[in-house]
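In: I need the structure of the sequence given here:
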Amino acid sequence: MYQVTKLHYHTLSKVLDVYFEDGSYYCLKAEYLRTHSPSAEVQGHTPAQKQLVLNKQSVAIKAIEPIGHYAARLIFDDGHESGLFSWQYLHTIATQHDKLWQEYLDAVEKHHAKKDSVPIKFVP
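Out: Predicted coordinates:
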């Protein structure tokens, strides 16, 4: 089990520093945290229900609320506040950042390519 010892948010750069008990720390952008929120609104209840969150480049964290000794609620300035970021979840998305971010960028690219295509049906 991973234990977070400190969370520090930089308002200008919109980066959250996450410090763990083992001495490791990670810097996570608010956009990344928002697009990877653990909330059911984003993740759904099954992998098929997962939502692609778009246009969050400017999102910021406006508050951080501790939840017991195991998680934090990040309140974003776009109104999203339903995700509880457990220490385990923060560790997972921090250590898998490059892979998860690339998957997200690929999904965004696929979404944009798909929305610009117009199916044409020819009827004789």
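
In: Report the separation between the residue lying closest to Pro66 once chain neighbours are set aside and Val15.
Out: Distances taken as CB to CB, 6 or more residues apart in numbering put Ala72 closest to Pro66, at 5.7 Å, once the chain neighbours are dropped. (Glycine included, C-beta is placed from N, CA and C.) According to CB to CB, to the nearest Å, Ala72 stands 15 Å off from Val15.

In: Comparing the two, which shows the higher neighbour count?
Out: Relative neighbour count places Ala72 above the other of Ala72 and Val15, with 21 against 18, counting by other CB atoms under 10 Å.

In: Wait, a strand at that one?
Out: Yes. Using DSSP: H, G, I helix; E, B strand; the rest coil, the assignment for Ala72 is a strand.

In: Make residue 1 into 252 and carry on from there
Out: Sure thing, new numbering starts at 252, so read that last one as Ala323.

In: May I have the residues that are in contact with it?
Out: Applying CB atoms under 8 Å, 6 or more residues apart in numbering to Ala323 gives the contacts Val255, Leu258, Ile315, Glu316, Pro317, Leu335, Phe336, Leu341.

In: which of those sit farthest apart?
Out: Across the contacts of Ala323, no pair lies farther apart than Glu316 and Leu341, at 14.3 Å, counting by CB to CB.

In: quick one, which of those two is more surrounded?
Out: Leu341 (23 against 11).

In: show me what contacts the more buried one?
Out: Counted by CB under 8 Å, 6+ apart, Leu341 has contacts Tyr253, Val255, Val269, Tyr277, Leu279, Ala323.

In: Kindly recompute the last result at 6 Å.
Out: Val269 (CB atoms under 6 Å, 6 or more residues apart in numbering).

In: so it is in which element?
Out: helix 338-346 (DSSP states H and E).
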